[in-house]
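Participant: please work out how this folds:
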Amino acid sequence: MIQILRHRVFAALFAAQVVALLGTGLLTVALGLLAFDLAGREAGAVLGTALTIKMVAYVALSPVAQALIQHLPRRLVLISADLMRGAVALCLPFVTEIWQIYALIFLLQAASATFTPAFQATIPDVLKDEADYTKALSLSRLAYDIENLASPALAGMLLTVLSYNWLFLGTVFGFAFSAWLIWRAQVPAAKSDDTKRPFSERLTRGARIYLATPRLRGLLALNMAAAAISAFVLVNTVVLVRSVMGGGERDLAFALAAYGAGSMAMALILPRLLEKVRDRPVMISSALSLSILGAGLGVLLANEISWYWLLFGWAGLGALYSGVLTPSGRLLRRSAHAEDRPAIFAAQFALSHACWLITYPLAGWAGVLLGLGPTMLILSAIALVSSFIALRVWPVSESEVLVHDHPDLPPDHPHLQAHQQKGRHAHSFVIDDEHRAWPTNG
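Facilitator: Down below sits the predicted model:
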C-alpha cells in the first residue's frame, strides 16, 4: 500500500491531507476542553450544537460551493479554503462566550465544505487504476485516523507543558502547511464542462445521480449507521471521561486515540480484503457489527464501565466505522463519469453529513436528558435499522454492465450510434444525460 506514495502528485496531496488533519485533531481536543471550561457538565450539549452547526454548513453549502467553483482552478480552490480555515482557527484561542464558538465553527466548516469534496474528486483523476485508487482510499482513511490517534497523542504530550489554547495554533500551522504542499503539487484540472448547464441543474446534478443509483442509496443508509455510533463517540467521550470516570485531559486524548487506532488497523487490512471480497458484504457486515457492539457498550454505560473496557470498545467501534466508510470512494468512482465526479462527491459529502446533522444533536441532548447508556442504545437501534435498509436497497448481485434500451431517444442519436444499436444494448451503466433512471427487471 505504501508503494502508492511513489506517485509524486498523490504523495504531495496525501501529505497535505495528513498535516491538515493533524491540525484538525488538535482542534478537536482543544474544542472539547474549551467547551468543558465554558459549560461544565453540559459540554456534551455545547459540542453537540457546535457539531450540528458544522453539519448545517456541510449540507447546505457543499452543493452550492461545488456548483459555483467548477470553472475555477482546483489548486486555487484548495489553497484558498485552507487559508480561510487557518484564519478562523487563529481566532479560537480568544473565545470567551459559547455563541462565539458557534459562529467560528460555521465559518471554519464552510471552508471545509468547499475543500473536502474538491479534494476527494481530485484523487480519482490522479490515480486511474482501481487497485491504486483502493490503496489511496485506505491511506486516506489512515490520514483521517491521524485525527483520532496521532493528534490526541500529540495533544496529550503538549498539554503536559502548555495550556490547551496553544493547540489552536497547531491547527493554524497544519492548514498553512497543507496550503503550501498543494501549491507545490501539480493538481490536475477538473474535466467538468457543467458551467454550460443552468445553475439549478449544476446544484442538484450530484444528488440526482446519487439517489438514482441503487448502490449509493445503500451507501446513504450505511452513512446513517456509521454516523449514529460515531456521533456518540465524538460528542460524549469528553463527558464520559471527565465527568463520569473522573479522568483528566490526557485520559480524554487516550480514549480518542483508541478509537483512531481501531480505525487505522481496519484501514490497513481493507486493501487486501477488498481484492477477495466485494464491497457490499464488507460494508454491511461492518455496519451490523457496529450496531451490535454499540448496543453492548450502551448496556455497560447504563451500569458501570471500566477504563479498559472503554478503550477496547472504542477501538472496536473505530475499526467497524472504517469498515463501513473506507470503501465508499470505490462506489462513487464507478457510479459516475469523470466529469460528474465533483458533483457526486459533493453529494456524498452533503448527504452523509445530513446523517450527522441528525445524530450529533441527538447524541448531545439525549446524553444530557437521558444519560449516556440509554443514548448509546437509541443510537445503536438507529444503526441497526439503517443496516437493514442498506441490505434491502442495495442489490446482492450487481453488475456494472446492464442491458437496457432508450425508447425516448431517436434512432440517429449519437449514443445509439456509438453502440451500433437502435434497441436494447449493454454497457457499463451510470446515471447521466442519456441514462436518467436505473434499469429494472420490469
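Participant: please count neighbours and contacts with C-alpha atoms only from this point.
Facilitator: Will do.
Participant: just the buried residues of stretch 6-25, please?
Facilitator: The neighbour-count check on stretch 6-25 (16 or more other C-alpha atoms under 10 Å) flags 9-25 as buried.
Participant: state the number of residues packed around M224.
Facilitator: 28 (other C-alpha atoms under 10 Å).
Participant: then L369?
Facilitator: For L369, the tally of surrounding residues (other C-alpha under 10 Å) stands at 11.
Participant: element containing it?
Facilitator: Using DSSP states H and E, L369 sits in helix 341-370.
Participant: now for that helix, which elements pack on it?
Facilitator: helix 43-68, helix 98-126, helix 199-211, helix 214-239, helix 328-333, helix 372-393 (3 or more C-alpha pairs under 8 Å, 6 or more residues apart in numbering; DSSP states H and E).
Participant: possible to save those helices as JSON lines with mean pLDDT?
Facilitator: Conversion of the helices and strands packed on helix 341-370 to JSON lines gives the following (pLDDT from 0 to 100):
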{"stretch": "helix 43-68", "mean pLDDT": "73"}
{"stretch": "helix 98-126", "mean pLDDT": "79"}
{"stretch": "helix 199-211", "mean pLDDT": "74"}
{"stretch": "helix 214-239", "mean pLDDT": "90"}
{"stretch": "helix 328-333", "mean pLDDT": "82"}
{"stretch": "helix 372-393", "mean pLDDT": "94"}
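Participant: so which of those is nearest Y133?
Facilitator: Closest of these to Y133 is helix 98-126, at 6.7 Å (criterion: C-alpha to C-alpha).
Participant: most tightly packed of the helices and strands packed on helix 341-370?
Facilitator: helix 214-239 (a mean of 26; mean count of other C-alpha atoms under 10 Å).
Participant: ok, A121 to A347 distance?
Facilitator: 11 Å (C-alpha to C-alpha, to the nearest Å).
Participant: also R250?
Facilitator: 37 Å.
Participant: more crowded one of those two?
Facilitator: The residue with more neighbours, out of R250 and A347, is A347; 26 against 20, by other C-alpha under 10 Å.
Participant: for the more buried one, what are its contacts?
Facilitator: For A347, the contacting residues are S62, P63, G206, A207, Y210, by C-alpha atoms under 8 Å, 6 or more residues apart in numbering.
Participant: hmm, which two among the residues you listed are most spread apart?
Facilitator: Pairwise distances across these (C-alpha to C-alpha) peak at 14.7 Å, for the pair S62 and Y210.
Participant: export the helices and strands packed on helix 341-370 to JSON lines and tack on distance to L83?
Facilitator: Formatted as JSON lines, those follow (distance: least, C-alpha to C-alpha, whole Å):
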{"stretch": "helix 43-68", "distance to L83": "16"}
{"stretch": "helix 98-126", "distance to L83": "9"}
{"stretch": "helix 199-211", "distance to L83": "25"}
{"stretch": "helix 214-239", "distance to L83": "25"}
{"stretch": "helix 328-333", "distance to L83": "26"}
{"stretch": "helix 372-393", "distance to L83": "36"}
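Participant: can you say which of those helices is nearest to L301?
Facilitator: helix 372-393 (4.5 Å).
Participant: ok, and what's touching the closest one?
Facilitator: Outside helix 372-393, the residues that reach it (C-alpha under 8 Å, 6+ apart) are 214-215, 217-222, 224-226, 228-229, 232, 236, 240, 284, 287-288, 290-292, 294-295, 297-303, 359, 363, 366-367.
Participant: and the residue lying closest to A267 once chain neighbours are set aside, what element?
Facilitator: Using C-alpha to C-alpha, 6 or more residues apart in numbering and skipping the chain neighbours, the partner closest in space to A267 is S138 (5.1 Å). Element membership of S138 [criterion: DSSP H and E] is helix 130-146.
Participant: for that helix, the averaged confidence score.
Facilitator: Helix 130-146 shows a mean pLDDT of 69.
Participant: go on, stretch 343-352?
Facilitator: 81.
Participant: same check, this time on stretch 256-269
Facilitator: Averaged over stretch 256-269, pLDDT sits at 84.
Participant: run the chain-centre distance for that stretch.
Facilitator: Computed by C-alpha atoms, centre = their mean, to the nearest Å, the separation of stretch 256-269 from the middle of its chain amounts to 15 Å.
Participant: pull out the buried residues from it.
Facilitator: Buried residues in stretch 256-269 (16+ other C-alpha under 10 Å): 256-268.
Participant: that older thread, nearest to L181, out of the helices and strands packed on helix 341-370?
Facilitator: Of all the helices and strands packed on helix 341-370, it is helix 98-126 that lies closest to L181, at 13.0 Å by C-alpha to C-alpha.
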